[in-house]
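Peer 1: Fold the following for me, if possible:
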Amino acid sequence: MAKAQDFTAILKDAMGSFPVDTSAMEDAFKNTATLNEKLSGVALEAAEKSAEIQNKWAKDTLAKLADISKAKAEPADYAKAATDFASASAEVAAENLAAFAEIAKKVQMDTVELLMAAGKDITEDATAAVKKATNDVTAAAKKAAAK
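Peer 2: Next up is the predicted model:
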């Protein structure tokens, strides 16, 4: 009677000839985590600066409201106080909106810079991984052909 061939050993040898390198996935995970950390830093810095502007703006507005709410000697003084408040508020609003725009511009520039650097790193890593995989497969194919 013919003896059945043991395919387990053949399969094991074949799989051993094509090793799987998980370091590329580990590196990709580490690079992604690093990029996310940097992007989070950019967002948190922007949020902190925005909160500072909002806080200062609110304090200034409340101080001006305290001035406008004081009793006046003449009715015309109320109109002048309201006009002064409106004028000062418009000026401060313009300044604060410009400050918010600067924050947004910095966030945009930092984000683009980080993404471009990450893209360059990813391209270099992918090129190296493909080159290594090609060399490994070529070596394994030569080894298998030599058997």
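Peer 1: Spatially, what comes nearest to the most centrally placed residue in the chain if we skip its sequence neighbours?
Peer 2: Nearest to the mean C-alpha position of the chain, counting by C-alpha atoms, centre = their mean, stands L39 at 2.5 Å. Distances taken as C-beta to C-beta, 6 or more residues apart in numbering put L114 closest to L39, at 6.2 Å, once the chain neighbours are dropped. For the C-beta atoms, the positions are set from N, CA and C on the backbone; glycine is no exception.
Peer 1: Mind giving me the packing neighbours of the helix or strand containing the one you found?
Peer 2: Per DSSP states H and E, L114 falls inside helix 75-146. Identification of packing neighbours for helix 75-146 by 3 or more C-beta pairs under 8 Å, 6 or more residues apart in numbering; DSSP states H and E yields helix 7-17, helix 23-68.
Peer 1: P75: which of these is closest?
Peer 2: Evaluated over the helices and strands packed on helix 75-146, closeness to P75 peaks at helix 23-68, with 14.2 Å, by C-beta to C-beta.
Peer 1: what's the angle from the closest one to helix 75-146?
Peer 2: On the basis of axes from the mean of the first three to the mean of the last three C-alpha atoms, to 10 degrees, helix 23-68 is oriented at 180 degrees to helix 75-146.
Peer 1: Output the contacting helices and strands for helix 23-68.
Peer 2: In terms of contacts (3+ C-beta pairs under 8 Å, 6+ apart), helix 23-68 is packed against helix 75-146.
Peer 1: Let me know the average pLDDT across the helix it packs on.
Peer 2: The pLDDT scores in helix 75-146 average 87.
Peer 1: Just want the angle from it to helix 7-17.
Peer 2: Per the same axes, to 10 degrees, the angle that helix 75-146 makes with helix 7-17 is 120 degrees.
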